[in-house]
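Q: Mind folding the following:
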Amino acid sequence: MCSERDYARNVILKEKQSRETRVREIMTTPVLYVTPEQTIDECMRLMTSRRVRHLPVLEGETVVGMLSMATW
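A: Just a heads-up that it's a prediction; the model follows:
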């Protein structure tokens, strides 16, 4: 998973060059994910406790959705 936050913190703030930076150098690992069977409450608790704003929804190895938490 590579988010705008990953890019800002690991490329812009560290004054790296985008053209020379590989995604694997800045992406969040391991990727947290949920399944369609999980409740919204479970997902929100996970996102809050792990301080992430995006959470892929996987069915097997297939991404079937993406949850996103807005911050105000």
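Q: Grab the nearest non-local neighbour of residue 10.
A: Excluding the flanking residues, the one nearest residue 10 by C-beta to C-beta, 6 or more residues apart in numbering is residue 26, at 3.9 Å. To be clear about C-beta, it is placed using only N, CA and C from the backbone, and glycine gets the same treatment.
Q: can you list the weak-confidence ranges in this protein?
A: Within the chain, the ranges that satisfy pLDDT under 70 run 71-72.
Q: Going by residue numbers, what spans are strands in the protein?
A: Secondary structure of the chain (DSSP state E): strands at 54-59, 62-68.
Q: Single out the most deeply packed of the ones you listed.
A: Highest mean neighbour count among the strands of the chain (mean count of other C-beta atoms under 10 Å): strand 54-59, with a mean of 16.
Q: Quick check: residue 7 touching residue 25?
A: No - applying C-beta atoms under 8 Å as the test, residue 7 and residue 25 come out as separate, 10.9 Å apart.
Q: Which one of these two is surrounded by more residues?
A: Neighbour count, other C-beta atoms under 10 Å: between residue 7 and residue 25, residue 7 has more, with 17 against 12.
Q: got the contact list for the residue lying closest to the more buried one once chain neighbours are set aside?
A: Closest residue to residue 7 apart from its sequence neighbours, by C-beta to C-beta, 6+ apart: residue 26 at 6.4 Å. If a contact means C-beta atoms under 8 Å, 6 or more residues apart in numbering, then residue 26 has 2, 6-7, 9-11 as its contacts.
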